[in-house]
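J.: Kindly return the folded structure for what I paste below:
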Amino acid sequence: MNRSLEHIEYKADTEALAKYAKALSHPTRVAILKHLENQSCCFTGDLMDVFPLAQSTISQHLKELKNAGLIQGELKPPKIKYCINQNNWQAAKSLFQQFFE
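T.: Numbers count the residues shown, from 1 in each chain. Purely as a prediction, here's the structure:
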């Protein structure tokens, strides 16, 4: 029987691990998470002071991290305040630890 990969069903934790791994697949996103882990929260403009990247580039990386659930954003017009999503951050740590054991 020849099944394509698109039809394989994975456990929820396997899918979550892949989602987190994809979000962590870019060095800038890893650096952003490390920075946010040492801050209570910050704004996109704050990250522009830390990383020599365009605001649009930082925003795209933040969007990927937010879509994966690793960070959360709170609208503080006209800005968005970002911080680590502690529940998902702990879940990701646990999944990666289990994976590497």
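J.: Check which residues of the lengthiest helix in the chain are buried.
T.: Determined from DSSP state H, the single longest helix within the chain is helix 86-100. For helix 86-100, burial by neighbour count (16 or more other Cβ atoms under 10 Å) applies to 88-89, 91-92, 95. (C-beta placed from N, C-alpha, C; glycine too.)
J.: For the closest residue to residue 19 other than its chain neighbours, list the residues it contacts.
T.: Take residue 19 and drop its neighbours on the chain: the residue closest to it by Cβ to Cβ, 6 or more residues apart in numbering is residue 68, 5.2 Å away. Contacts of residue 68 were listed using Cβ atoms under 8 Å, 6 or more residues apart in numbering, and they are 19-20, 22-23, 88.
J.: same deal with residue 74?
T.: By Cβ under 8 Å, 6+ apart, residue 74 lies in contact with 41, 80-83.
J.: Apply 6 Å and report the result again.
T.: By Cβ atoms under 6 Å, 6 or more residues apart in numbering, the contact set of residue 74 is residue 81.
J.: burial count for residue 69?
T.: Burial of residue 69 is recorded as 17 neighbouring residues (other Cβ atoms under 10 Å).
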